[in-house]
Every structure is written in structure tokens, then in C-alpha cells.
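1. Below are the sequence and a predicted model; questions follow.
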Amino acid sequence: MIYSCFDIGGTAIKFGLIDETGRFRKKGSLPTEAQTEGGPGIVHKVCSLIHRQLTDHPLEGIGLSTAGIVDTERGSIDYALSIPGYTGTDWKGILEKEFHLPCIVENDTNCAALGEWWLGASDMASLFAVTVGTSIGGAFIENGHILHGASRAAGEIAYMRVPAGRLHDVASATYLCRETARQKAADPEKVDGHKVFQFVRQGDASALAALDAFCQNLADGLANIACLCNPDGIVLGGGIMAQEAILRPRLEQALAARLPKMMLPPKGLAFAQRQNDAGMLGALYLLQQKSKLLMIQFGADDAGNFFID
């Protein structure tokens, strides 16, 4: 069985053909072009890709991991800050009408967390996943279930306050790059994550000071998460978390300084393994769970074809 899964962000649309075990048969990406083409352009690109996929493979379903606050029951976008014309997009209605296939839609951070829980860094019953990038986001997974909250905003830790300010402002990759540039009196446009860690490996005092501030601020947020959710572990993802050798000892030390041992996550900090694939894998997991529910509700023959009494 082959499923078509997407991870839609403000910069890129990642896509893959994945079997039921989570093995990718094909994958790729293309620019979102969100600011020029907006929501309608994204819909057109996704539909065009699925039509091309169907010429090569029969599909069992479509899974979308997407930026924005998602109404998972309706399969639509409640609110999207960074993509013009995307709020209100009725993904489920559009795709099920066009392709007559089951479809699920979920927030990208939630999907990435679920993908890591299923096939990535986690052997944990419960985990809180933190994605550090342009901003910072989170998701709580327990026994394969996402905690959505009353208004589907659970895990929006960008707005969490710590002593230095909002996590969005003081614990994102954007902050780390800008703070390094400020410390070095450099052009912020020329200091990206790769440059920051190049400076750090060279022992640059300004970059090390910025990194220390970032780690202290992030540890404040992680301590809050540990106190509130008491997960088995915390999984850290996002591009800069590839620098595990540099970040792990600093974050573990800072977290241990903030909490008594009994309140630390029993399985500690884990660093994401599936990275760019995690969102698509999380969407696949949800899609397969939906298929199982349909089989229970309506019944199916041995070939997996649904029937209704």
C-alpha cells in the first residue's frame, strides 16, 4: 500500500510516496512560493503532484502536515499567519472531492512530533517535542495521541514567558543568529546557523556568549514543560539541533540546574532523528489510524475494501 504525504511550510512543500511501514518509495520538495502565490498556489501544486503520482501508483490515501492552526475534524486551516490567502483552505473537502481518497490534515509541529514518536528518536510512551527554527513550537504526544487543547493551540510555546521574554524572541534559531551578530557587531543578514556554529567551533567568544544565552533561555522553557507535562522525555528538532554534540551538554547542565532530579524527564533529552521526514511520517501514522477506525466502523473485506451495511 502506498500513501501520498506532504509537509507544507512557508518555504518548501516536501512530498513523498510512503508505504505502510514508513519506508519512502519516492520523495522530493519544491518551493512553496507562499508570498507570491499564496494559499491557492499551494493547493494547485499539491493537486498537480497527486495527479502525477497517480499515473505511477495507486494510492490508499493522502496525508497533509501543514503550517497553521488546523481544524483536524473538518480538515481545514483555521489560521495561517505567514501564508497569504491560506486561512480557510478546505483541504479535506478539496482533496476528497478531487481524488476520492481518504485524507487527513494536521499541524506540522504535531505531525513532526508524532513521526518522531512512531519511527524516530523516541521509545517513550509520552514525549514533548520542541522544534526550534525561525520561531519555536511544541507538541505533546501520549501513547500516540496528540494533545490539541480547547482551541487546538496546545504546544504553542512560542508565546511562553521566561525570565528573558517570550520563547519566540529569546529561544529560536532566529534569536541565536541575531544575538551572535549583535555580539560581533556583524551584519545580521550574513550570520546564519551554519556561521554561528562555525564561530563556536573556532572558540569565538561572542558566538559562545550568544550560544550560552540561547541555551539558558531554552532551558527555562524546557523546565516549564517538564513541570507542566511531566513527559517521559523531550525531543528537540529543527535545523540547529543537528549540532547535538555542542548543544546536548549545555542544555542538560542548564536543565539539571533548574529542577530536582525527580522532576527531570526520566528518559532525558533526545534529538530528532527523522528531521525533514518527520512531518510526513506523522501524517502517514494519522492516516493509517483513520483507516483502521473506518474499518471498525463500517467493516471491510479481506482486500481492505470498505462496505456499509
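-> Received, thanks.
2. Please enumerate the helices of this protein.
-> For the chain, applying DSSP state H gives helices covering 34-56, 91-99, 108-119, 167-170, 173-184, 193-201, 205-229, 244-256, 278-298.
3. I'd like to know which of the ones you listed lies nearest to residue 68.
-> Evaluated over the helices of the chain, closeness to residue 68 peaks at helix 108-119, with 8.2 Å, by C-beta to C-beta. Any C-beta I mention is one placed from the backbone N, CA and C, and that applies to glycine too.
4. Run through who's touching that closest one.
-> 7-9, 22, 65-67, 106, 122, 124, 127-129, 131, 137-141, 144, 146, 148, 155, 235, 237, 272-274, 277-286 (C-beta atoms under 8 Å, 6 or more residues apart in numbering).
5. Stretch 16-25 too?
-> Against stretch 16-25 from outside (C-beta under 8 Å, 6+ apart): 1-6, 26-28, 53, 57, 60, 118-119, 277, 280-281, 284, 288.
6. can you pull the buried residues of that stretch?
-> Of the residues in stretch 16-25, 16, 17, 18, 22 count as buried by neighbour count, 16 or more other C-beta atoms under 10 Å.
7. what is the second one paired to in the beta sheet?
-> In other words, residue 17. residue 4, residue 26 (DSSP bridges).
8. Check residue 103 too.
-> Residues in beta-bridge contact with residue 103 (DSSP bridges): residue 62.
9. Hmm, it is touching residue 64, no?
-> Yes: using C-beta atoms under 8 Å, residue 103 is in contact with residue 64, at 7.1 Å.
10. Out of those two, name the residue with the larger neighbour count.
-> residue 64 (27 against 22; other C-beta atoms under 10 Å).
11. How about that one, nearest residue that isn't a chain neighbour?
-> residue 105 (4.6 Å; C-beta to C-beta, 6 or more residues apart in numbering).
12. What of residue 254?
-> residue 219 (3.5 Å).
13. which residues does the one you found contact?
-> Contacts were defined as C-beta under 8 Å, 6+ apart; by that measure residue 219 touches 251, 254, 255, 257, 258.
14. Produce a ChimeraX select command limited to the buried residues of these.
-> In ChimeraX, a selection of the buried entries from these looks like this (16+ other C-beta under 10 Å):
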select :251,254,255,258
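15. Export the contacts of residue 219 to CSV and append columns for pLDDT and distance to residue 214.
-> What follows is these, written out as CSV (pLDDT from 0 to 100; distance: C-beta to C-beta, whole Å):
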residue, pLDDT, distance to residue 214
251, 98, 10
254, 98, 10
255, 98, 14
257, 98, 16
258, 98, 15
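16. For the contacts of residue 219, could you give me JSON lines that also reports distance to residue 92?
-> Converted to JSON lines, the contacts of residue 219 look like this (distance: C-beta to C-beta, whole Å):
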{"residue": "251", "distance to residue 92": "38"}
{"residue": "254", "distance to residue 92": "42"}
{"residue": "255", "distance to residue 92": "40"}
{"residue": "257", "distance to residue 92": "46"}
{"residue": "258", "distance to residue 92": "42"}
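17. Pull the residues that contact stretch 154-171.
-> 109-110, 128, 130, 132, 135-140, 147-149, 172, 175, 213-214, 216-218, 220-221, 224-225.
18. again, 7 Å this time
-> 109, 135-140, 147-148, 175, 214, 217-218, 220-221, 224 (C-beta atoms under 7 Å, 6 or more residues apart in numbering).
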